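Student: can't give you the sequence, but here's the structure:
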């Protein structure tokens, strides 16, 4: 069976575009917000819908409910396969069917759970993250149809937005459903809507709760303030001690590095400031390329702080306070190692000898792509043909902890991280959207890649 080639695949994908867009619109309308309960009826409906769509493109798909580590019912997962040749490579296609919540619909210009086409984009919660990933897999398999020459396994997760708590037990219980030569994770994005990218790395993460204690009990600020600093001020001093005068983390033992595979193009500072809504007077922290600061160097953020609200505050010195640090780690550093380095630093730098206690929380390993893998070159060539321009590979500052877990259990499998997003997608934010032309090009890319992986198969 010969390769289909670019023009045949492009024609098939373009002819199928309306079906794929309708799939996305239906998926948006299901409002599969896992934060409202991963075991809820709305999540079961979402999983059933996705399984049905996969069956339409030749995948023997069904819904299985996972089990949490404590034995309680977990997420509704979609698994399936299509076997064409026992001697052919096997590719695992990943996406997730749960979506982020919508805290304030008034911030949207459209109904968040109604797919609306506008100016070449489809708006709606989950249109990009990660309904777009489901659509890419569906479109690629439809385009290949009976000409598919690789074995395919599919895993569409039901709780990615909630931290994948039941993923490890599910993986252990269904290991055969994950065994593959290549894993394509369609949950990231491109440099822009018309410039494709492979995601070369993901940072790891570690949460730490830090308690700073100065007093056995609160005391009057007028009577004791001066020689005694309140716990909130001491906590602020401790947090500030983690940084140098450039605003860069200066904690021994935290690893960093340059972008995986080399820096092909740095991020645009003006665009970054605009995308993040940075105030004009703020100077970006750190040194070196923006790419390394966002993708491969460690970063810490105080994401929670226990303090009395301004409203109703009164003149006492806080005896103790607690704050939570979210530490993003370099792609190749073990999060436990990084967390221990930060904990040791905080305890050693206790301001004025205050008592500092650190409790580690959730952790997830980062990931780095094998830039020299032949399948990476095949994927880049597929992108080049589909988009009509060279890909610009990029890292991501976020984390997808299940990827290292898959690599641990299946060390011989290659991993490619692709996805439907672009800088305008606003995943997790108001007015989430997906570029419809970008979606078509992403589908063509995946179909071309699967077609090339099957070369030589009858």
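Tutor: It's in. Every value quoted in this text rests on a predicted model; they were computed, and no experiment measured them.
Student: Residue 154 is in what secondary structure piece?
Tutor: Using DSSP states H and E, residue 154 sits in strand 151-157.
Student: oh, I was asking about residue 122
Tutor: Residue 122 belongs to strand 121-123 when assigned by DSSP H and E.
Student: Run me through the strand neighbours of that strand, direction for each.
Tutor: Strand 121-123 has the following sheet partners, assigned by DSSP bridges: strand 116-118 (antiparallel), strand 433-435 (antiparallel).
Student: Point out the most buried one among those.
Tutor: Comparing these by mean neighbour count (mean count of other C-beta atoms under 10 Å), strand 433-435 comes out on top with a mean of 27. No exception for glycine: its C-beta is placed from N, CA and C like everyone else's.
Student: Identify all contacting residues around the lowest-mean-pLDDT helix or strand in the chain.
Tutor: Scoring the helices and strands of the chain by mean pLDDT, DSSP states H and E places helix 402-409 at the bottom, with a mean of 87. Contacts of helix 402-409 with the rest of the structure, by C-beta atoms under 8 Å, 6 or more residues apart in numbering, involve 157, 164, 167-168, 171, 175, 178, 183, 185, 202, 204, 364-367, 413, 415, 417.
Student: next SSE after it?
Tutor: Helix 402-409 is succeeded, C-terminally, by strand 414-418 (DSSP H and E).
Student: Check which helices and strands that following strand sits against.
Tutor: Contact analysis of strand 414-418 by 3 or more C-beta pairs under 8 Å, 6 or more residues apart in numbering; DSSP states H and E lists strand 182-186, strand 199-202, helix 374-387, helix 402-409, helix 436-453 as its packing neighbours.
Student: could you give the angle of the fourth one to strand 414-418?
Tutor: Our comparison of helix 402-409 with strand 414-418, counting by axes from the mean of the first three to the mean of the last three C-alpha atoms, to 10 degrees, yields an angle of 170 degrees.
Student: the strands in the stretch 251-400 of the chain, which residues?
Tutor: Taking DSSP state E, counting those that start in this stretch, the strands of the stretch 251-400 of the chain run over residues 299-305, 316-317, 320-329, 355-364, 367-368, 394-396.
Student: Partner strands of the second one and their direction?
Tutor: Put plainly, it is strand 316-317. Using DSSP bridges, strand 316-317 pairs in its sheet with strand 219-220 (antiparallel).
Student: avg pLDDT for the partner strand?
Tutor: Rounded to a whole number, the mean pLDDT of strand 219-220 is 98.
Student: Now do it: everything it contacts.
Tutor: 228, 315-317, 319.
Student: if we can go back for a sec, dump the strands paired with strand 121-123 to TSV, plus mean pLDDT and distance to residue 220.
Tutor: Listed next are these as TSV, based on pLDDT from 0 to 100; distance: least, C-beta to C-beta, whole Å:
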stretch	mean pLDDT	distance to residue 220
strand 116-118	98	58
strand 433-435	98	54
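Student: for those, which one sits closest to residue 217?
Tutor: Judged by C-beta to C-beta, the one of those that comes nearest to residue 217 is strand 433-435, at 52.8 Å.
Student: Show me the contact partners of that closest one.
Tutor: Residues contacting strand 433-435 (C-beta under 8 Å, 6+ apart): 24, 120-124, 127-128, 131-132, 193-194, 420-422, 424-426.
Student: Filter those down to just the buried residues.
Tutor: Buried subset of the contacts of strand 433-435 (neighbour count, 16 or more other C-beta atoms under 10 Å): 24, 121-124, 127-128, 131-132, 193, 420-422, 424-426.
Student: Just the ones in strands from those residues, please.
Tutor: 121-123 (DSSP state E).
Student: about what we covered before: quick one: closest of the helices and strands packed on strand 414-418 to residue 325.
Tutor: Residue 325 lies closest to strand 199-202 among the helices and strands packed on strand 414-418, at 19.2 Å (C-beta to C-beta).
Student: about what we covered before: closest one to residue 113 out of the ones in strands among the buried ones among the contacts of strand 433-435, please.
Tutor: Here the nearest of these to residue 113, counting by C-beta to C-beta, is residue 123; it sits at 10.6 Å.
Student: The closest one pairs with what?
Tutor: Going by DSSP bridges, residue 123 is paired in beta bridges with residue 116, residue 433.
Student: and which of the ones in strands among the buried ones among the contacts of strand 433-435 is nearest residue 358?
Tutor: Of all these, residue 123 has the smallest distance to residue 358: 42.8 Å, by C-beta to C-beta.
Student: What separation do you get for that closest one and residue 423?
Tutor: 16 Å (C-beta to C-beta, to the nearest Å).
Student: Near residue 164, how many other residues are there?
Tutor: Neighbourhood size, residue 164 [other C-beta atoms under 10 Å]: 22.
Student: What of the one 4 residues further on?
Tutor: Other residues within reach of residue 168, judged by other C-beta under 10 Å, total 16.
Student: which other helices and strands contact the helix or strand encompassing it?
Tutor: Take DSSP H and E as the rule and residue 168 turns out to sit in helix 167-173. Judged by 3+ C-beta pairs under 8 Å, 6+ apart, the packing partners of helix 167-173 are strand 60-67, strand 73-82, helix 402-409.
Student: for these, which one ends up most surrounded?
Tutor: It is strand 73-82: most buried of the helices and strands packed on helix 167-173 by mean count of other C-beta under 10 Å, with a mean of 22.
Student: Give me the sheet partners of that one and which way each runs.
Tutor: strand 60-67 (antiparallel), strand 151-157 (antiparallel).
Student: Determine how far that strand lies from the middle of the whole chain.
Tutor: Taking C-alpha atoms, centre = their mean, to the nearest Å, one finds strand 73-82 lying 19 Å from the centre of the chain it belongs to.
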